[in-house]
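S.K.: Coordinates only, no sequence provided:
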């Protein structure tokens, strides 16, 4: 069985499949079919979860940890490198 592959980050979870029975044959009409609990593995990753690729320009955030946004934290980090290393021939400089 396959679930719909969307881009929503839902995390791995379980779901319950329920059944009903309707038949013109009285031996099968309305019989009870047990519910089935299935595992659903989400292949979409939220920011910071294993498998997530951060934006290459998201180098910092609150506490110095990438925060999934390119914002002033990242600009401050970039500016600090730029002020410390202005030798364009140096491959270690940004």
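M.R.: Received it, and whenever you're ready, just let me know what you need. Small disclaimer: the values here were computed from a predicted structure and weren't measured.
S.K.: For this structure, just list every one of the strands.
M.R.: 13-17, 36-40 (DSSP state E).
S.K.: Let's have these in CSV, adding mean pLDDT, mean neighbour count and distance to residue 5.
M.R.: (C-beta placed from N, C-alpha, C; glycine too.) Putting the strands of the chain into CSV (pLDDT from 0 to 100; neighbours: other CB atoms under 10 Å; distance: least, CB to CB, whole Å) gives the following:
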stretch, mean pLDDT, mean neighbour count, distance to residue 5
strand 13-17, 91, 9, 15
strand 36-40, 92, 10, 11
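S.K.: Go through the ones you listed and name the closest to residue 77.
M.R.: Distance to residue 77, taken as CB to CB, is lowest for strand 13-17 among these, at 35.9 Å.
S.K.: Any chance of CSV for the strands of the chain, columns distance to residue 58?
M.R.: Below are the strands of the chain laid out as CSV (distance: least, CB to CB, whole Å):
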stretch, distance to residue 58
strand 13-17, 27
strand 36-40, 29
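S.K.: tell me which residues in the helix or strand bottoming out on mean pLDDT in the chain are buried?
M.R.: None of the helices or strands of the chain scores lower by mean pLDDT, DSSP states H and E than helix 72-84, at a mean of 83. Neighbour counts using 16 or more other CB atoms under 10 Å place 73, 74, 77 of helix 72-84 among the buried residues.
S.K.: and what of stretch 11-28?
M.R.: Taking 16+ other CB under 10 Å as the criterion, stretch 11-28 shows none as buried.
S.K.: Compute the distance between residue 84 and residue 42, please.
M.R.: 41 Å (CB to CB, to the nearest Å).
S.K.: ok, now residue 72?
M.R.: Counting by CB to CB - residue 72 and residue 42 are separated by 32 Å.
S.K.: what's the answer for residue 34, then?
M.R.: 25 Å.
S.K.: More neighbours: these two, which one.
M.R.: residue 42 (16 against 8; other CB atoms under 10 Å).
S.K.: wait, doesn't the more buried one sit right on residue 9?
M.R.: Yes - at 6.8 Å, residue 42 counts as touching residue 9 under the criterion of CB atoms under 8 Å.
S.K.: any idea which residue of this structure is furthest from its center?
M.R.: For the chain, the largest distance from the centre (CA atoms, centre = their mean) belongs to residue 26, which lies 47.7 Å off.
S.K.: Alright, I will stop here.
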